[in-house]
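Novice: Fold the following for me, if possible:
(chains A and B)
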Amino acid sequence: MKQRLKDFKRGIAGRIVTHLFAFGIIPLGVVGLLFLFIFFKSQKQDIIALQQEISQRIAASVSTYINQSVSQIQIFAGMLDLKDSNIGHVRHLCNSLLDRVSAYESITIADAAGNEKVKVSRYYTYRPFEMENIADQKGFQRAIWNREPHIGEVGISGYSRFPTMKITAPVNDYRERITGAVIIEISILRIWNLISRQRIGGNRYAYIVDRKGKLIAYQEISSVLEKKDMSGIRGVREFLSGKTGVYQYPGIKGNRVIGAVEEIRPIGWGVVVELPVQTAYRNLHLLSGLFLLVLIATTGAAVFLGLKFSYQSIIRPIRYLQKEAGIIEEGELTRRIELDREDELGQLAQSFNQMVFNLQRITVFRNELLGEIAERKRTEAELRESEERYRTIFENAPMGIMRFDGTGTILECNEPFAEIIGAPRSRLISFNMLENMPSGPARQALFDAIETGVGHFEGPYISVSGDKDIIIKANHKCIRKEGDRSVEWISIFEDVSERQRLERQFRQAQKMEAVGTLAGGIAHDFNNLLMGIMGNASLILNRIEPDDPIAKKARIIENMVERGSALTRQLLGFARGGKYEVTVEDINVLIREHNEIFGRTRKEITIVEDFAENLWPAEVDRGQFGQVLMNLYINAWQAMPGGGNIFVRTQNINLDQGYVRAFTVKAGRYIKITVTDTGDGIDTENQQKIFEPFFTTKGIGIGTGLGLASVYGIMKNHDGFINVYSQKGCGTTFTLYFPASERNIMSENLQISGEIRTGTGTILLVDDEDMIAEVGAEMLQALGYEVLIAFNGKEALQLFDEHQKKIDLVILDMIMPDMSGGEVFDQLKKKDEMVKVILSSGYSVNGQAQEILERGCNGFIQKPFTLEDLSKKVGEILAS
Amino acid sequence: MQIERLKNRFQMLMALWLVLALFCGCPAEPVSGPAPEPVTVGAIYPFTGSSASSGEDIRAGIELGMELVNNIHDLRMPLASEAGIRNRRKIRLIFRDSQSDETAAARAVEELVEKEGVVAILGCYNSSVTASASEQAEMKKVPFINGHSTSPILIRRGLRWFFRTTPDDEIFSENFFTFFSDMLWKEGLSIPRQLVLVYENRLWGTSVSNAERKIAMKLGYEIIGDFPYAAGSSSFDDVLASLSQLSPPYVILQASYDEDALSLIRGYAKKKIRPTAILGMNAGFNSPEFIPELGPLAEGILSREVWALDIAGKKPLVGEVNDLFKTRYGRDMTGHSARALTAFMTLAQALNRAAGLDPESIRQALIDTDISADQVIMPWDGVRFDPETGQNIRGRGIVVQVQDGKYRTVWPKDLKERPLIWNREKTVPRKP
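Specialist: Down below sits the predicted model:
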């Protein structure tokens, strides 16, 4: 609805109506209203004037009537002869007067002394004895004294109960002496009847109030009979306050009136003439109503006709045009507007049709054009997308990419290419490779590509700047031909140096792994053998006197076994089997200890320390760490026959994945130890072999070939690794990397005494090797212990069940067929939570011994062991 | 096409509406269901005091009228053949005693209007009492219907709510002198030129005497005695003494109420006062006690009357109504009861016609009253009120004479039942 109204207001019809209102109806209305206003005002004035006139007329009538009555009474009085003899005649005159004047209620004749002589009434017949003396009556007194008629107050008739007034006139004789008085009671009702005959207009009503505001005459006699107090009505109130005039107020009938108030002169009464406002202004209201009606009708007609005209002649055709235009706008270009008119709108429709025809033609062209544009845009977008894809690949590829033309000139290259070539990218664009490259396989590959479309090259390459010696792999391929001729090639360059290095390291690691496994196996068996020899030798020495010549031999055996054992220890170190007792250590402290020992023995060598402060702790086997350091020092000492400096440096370092990948260790925090000598150095060829076991450049009998191999193995065991860097004649640098520990350093220095400690108790010895078991049992017995022997796991468990209460300690071989030492340990633990177990082995798979120790095993003893070693270990565990 | 169809539809609807209207409009006869509330009307008359017997007679007349209206009677009189007025409404009457006292009557009006809610009032008997009562009714704006008070002044007060069915004293006084003229010139009787006025000195008596005096003077009669007296006086000695001083022939024109009339007639006999004729102005001369009490003393006395049973010979309705009255009360109707019945019937007919039972509607119905001569039991030309004064303009009086212990109509000629016995004429010299 609101929208429609808005549309209407905006539309032509709305404007027509607005103009009609603005320039026609509103001015007309204003003029009309002005006219009405002026007319209204003058009419009101007329009404007020008329009211006033009527009230004045009535007042004058009443005055006249009363004056006439007074005159009449005076004349009547003049006729009277009040001699006693004449009383009958006087009564007759009175009766006649009463009969003739209907307004008179009664007539009384009194003598000068106030004695009533005659008294006639319309309602009552007075008898002689009913006559009174009226000398004390005010009216009588005034009339006598003043010698003139007196008009009394309004009273109520004793008989009719209607308001009456008494007029008293003196009676004179021919000598002008007062002989009496005539008192006539006049009914005001009669006065009213008289004046009400005056024409005051059908809707007006008049009434008379006395000097106190009491109603004394009115058309409604009932109100008069009520002696209604009219002082509540404004007109009367104004009169009582001495004012006359015209007022508007709620009148006697309660409705609003225009009331005119006038005083009736001689008697001081008030006459009020009221005209209901509604009646007074009826014609005016009628006129204004008519005017408004005409105005509304005119307005309505004007609006209607305006709308009708505008609708039929303008709006409807325009709407038709609008509707048709809307249809055409939606694409119906074949549509034609049919408006058969000669006027402007008809011409407009024709123009419109012509326009649509033209538009139709243009649209066909436009559509074709649009199709082409769209196709082109799509292609362009695809192209752009393709270009973007190519560009992304080109720029983000991890390998160098380059395009060149038939002359070998670089058209474009990416950043990795520039990095491989070792020149900034900007310099490489337009760089002619054929002109600037030395002849060789790389140049040949370019030629091949230009000639055949494809070319390959893999080999060492020295960068443009000359500071990089790398191995690259290049593939050239023709990617564009014009006719039969190739015009553009693409080359993919890859720096394969690092990959080849990693491959080399990996191969080395695999080789070392295989050798290690082999060495470990040998060392194990060898240790078992040595154990047998060592055990027996120890037993012999224990049985004979120290100064016995056999004892000397036995000690030689023992000494030889010691050397054999050292050998196997080297082997085991290499074979990653020897990390047994790991403690958290401060590497700086350990190095310093060994430096002191080494410095004391090799005076010609100066060790220069460069230790990092706050070096992270590392978990190491103290013995093996010492073995590593000593091997390196000995190596350095041998490389510097005339003496020299060994630089030892420690530092904390974080190694990333890329760096550690080839060493098969985890990335993270490491303690880096570099040991550099100033010796001859190692050539590149030998550098690759120095960690292999039994490889040595020293003369036969000088080196075992196991030193660096065991260093390599021990580093592996500690989850670390070793690097060597050397140049012939420029010294050698070994770099050791130990993983840093999260744990705190434990400072425990076990005081090891060299005595054999005997003890008591029962020990269950478990070993699958008969010889070892027997020797071991004998050694334990020699130490004072009772021994139970088991040759495999099952037997051990069985024995343990049988003698659980008796057994104080179990010495358990780690490597056994069927049931391994670990499994037996777990079973024992189940049977007795508190059982004490020492693990013994000539070989240890990395981590296995450690795992068992972590599961609660009390200690470890490395085979071969001496009686002294055994007594110490057993005593230590039993005492704990 | 569409317009045609609409027209047809409209016609059909109109036809249907007419049929319905006919069904609904036809009153079912007889209408069943409970009778509606009766209409209450007040009646103020003297049931105690000097005019009590007249009051009772009036009551009887009104009660008979109520009987005729409220029940079905085979009478050719409006409302008599139906039960109740329109809509089967019955009329209930509440009587109040005026005690012949202005104040008591005015108080009775107030009470009837305020407490009883009467829609109209009938009353009163004495003119002065009627004046005060009607003024009270005027204040209360209740129609006041008077059937008995004849003072001319009553209709000259400009009251809007006052209606009078009976003719007034001026008419009656004129009737007296017309009667004299008729007797003198048409019957050849000797009529004395001397008149004596005896009257009660209040409104009625005063106005009657004023009227008589006025006409007498106009026609050349001489008033040789003028004796006002206070109504209900215990002694009339002074009046009788003065009368006995007068020398006949003369005619006494008397306006007296019941007891006063009896006392004075007896007094005349006692003091041997022998006027040529005594012409009573109704009232006491027509009270039911008048003939029985006076017996032979009443014989020959003339009275102005508004009604007499003997007019039944000329108006059959009068006899029929009188029969009903007699059945009911064991006596004949009098002028009082007949006028009372007529006043009541006039009011009943107005109530029957009135647009509503509010005072204004009843007043309008009274103004519109138009009752013909054959519908009233009075010797009148009917009832029709002067809208200005409320006076019935169709009324007139008759003159009756007590002959053989009964009132006999002797004037006017058209209603005359018996010839006049002018028994005191001998003393009066006949004038040519």
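Novice: Packing partners of the top strand by length along chain A?
Specialist: In chain A, with assignment by DSSP state E, the single longest strand is strand A:469-482. If you count contacts as 3 or more CB pairs under 8 Å, 6 or more residues apart in numbering or on different chains; DSSP states H and E, strand A:469-482 packs onto helix A:441-452, strand A:454-462, strand A:485-495, helix A:497-543. (Each C-beta comes from the backbone N, C-alpha and C, glycine too.)
Novice: Report how many residues lie close to A:Ile188.
Specialist: Neighbour count for A:Ile188, taken as other CB atoms under 10 Å in any protein chain shown: 23.
Novice: I am assuming it contacts A:Lys214, so please confirm or correct that.
Specialist: No - using CB atoms under 8 Å, A:Ile188 makes no contact with A:Lys214, being 11.0 Å away.
Novice: Looking at the helices and strands packed on strand A:469-482, which is nearest to chain B?
Specialist: The closest of those to chain B is strand A:485-495. By CB to the nearest CB, the value is 89.5 Å.
Novice: Could you show which parts of the stretch 1-150 of chain B are in contact with chain A?
Specialist: Neighbours of chain A within the stretch 1-150 of chain B, by CB under 8 Å from any CB of the partner chain: B:Ser128, B:Ala131, B:Ser132, B:Glu135, B:Glu138, B:Met139, B:Lys140, B:Lys141.
Novice: Contacts only, for the second one.
Specialist: Spelled out, that is B:Ala131. By CB atoms under 8 Å, 6 or more residues apart in numbering or on different chains, the contact set of B:Ala131 is A:Tyr159, A:Ser160, A:Arg161, B:Glu102, B:Ser149, B:Ser151, B:Ile153, B:Leu154, B:Arg157, B:Leu203.
Novice: a helix runs through it, doesn't it?
Specialist: Yes - the assignment for B:Ala131 by DSSP: H, G, I helix; E, B strand; the rest coil puts it in a helix.
Novice: So which bits of stretch B:358-372 are buried?
Specialist: By 16 or more other CB atoms under 10 Å in any protein chain shown, the buried positions in stretch B:358-372 come out as B:Pro359, B:Ser361, B:Ile362, B:Arg363, B:Gln364, B:Ala365, B:Leu366, B:Ile367, B:Thr369, B:Ile371.
Novice: Throw those into a markdown table and include secondary structure, pLDDT and distance to B:Val198, thanks.
Specialist: Formatted as a markdown table, the buried residues of stretch B:358-372 follow (DSSP: H, G, I helix; E, B strand; the rest coil; pLDDT from 0 to 100; distance: CB to CB, whole Å):
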| residue | secondary structure | pLDDT | distance to B:Val198 |
| --- | --- | --- | --- |
| B:Pro359 | helix | 89 | 40 |
| B:Ser361 | helix | 93 | 45 |
| B:Ile362 | helix | 94 | 40 |
| B:Arg363 | helix | 94 | 38 |
| B:Gln364 | helix | 94 | 42 |
| B:Ala365 | helix | 95 | 41 |
| B:Leu366 | helix | 95 | 36 |
| B:Ile367 | helix | 95 | 38 |
| B:Thr369 | coil | 95 | 36 |
| B:Ile371 | strand | 94 | 35 |
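Novice: one step back: could you check the angle the longest strand of chain A makes with helix A:441-452?
Specialist: Following axes from the mean of the first three to the mean of the last three CA atoms, to 10 degrees, one obtains 10 degrees for the angle between strand A:469-482 and helix A:441-452.
Novice: Pull out the buried positions in stretch B:242-252.
Specialist: Those would be B:Leu243, B:Pro248, B:Pro249, B:Tyr250, B:Val251, B:Ile252, for stretch B:242-252 by 16+ other CB under 10 Å.
Novice: can these go into TSV with extra columns for secondary structure?
Specialist: Compiled in TSV, the buried residues of stretch B:242-252 are given as follows (three-state DSSP):
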residue	secondary structure
B:Leu243	helix
B:Pro248	coil
B:Pro249	coil
B:Tyr250	coil
B:Val251	strand
B:Ile252	strand
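Novice: Can you give me every residue that contacts B:Asp97?
Specialist: Applying CB under 8 Å, 6+ apart, one finds that B:Asp97 lies in contact with B:Ile44, B:Tyr45, B:Pro46, B:Phe47, B:Thr48, B:Gly55, B:Ala104, B:Ala108.
Novice: Give me the distance between it and B:Tyr45.
Specialist: With the distance defined as CB to CB, to the nearest Å, B:Asp97 ends up 7 Å from B:Tyr45.
Novice: Check the contact lists of those two and give me the overlap.
Specialist: Shared contacts of B:Asp97 and B:Tyr45, defined by CB under 8 Å, 6+ apart, are found at B:Gly55.
Novice: where does the chain have low pLDDT?
Specialist: Using chain A here. Within chain A, the stretches with pLDDT under 70 are A:11-13, A:160-161, A:193-199, A:202, A:463-468, A:570, A:572-581, A:698-705, A:746-755, A:843-847.
Novice: Please refer instead to chain B.
Specialist: Scanning chain B with the threshold set as pLDDT under 70 gives B:1-35, B:423-432.
Novice: Residue numbers of chain A in contact with chain B?
Specialist: Counting by CB under 8 Å from any CB, the residues of chain A near chain B are A:95, A:98-99, A:102, A:121-127, A:159-162, A:189, A:192-193, A:220-222, A:225-226.
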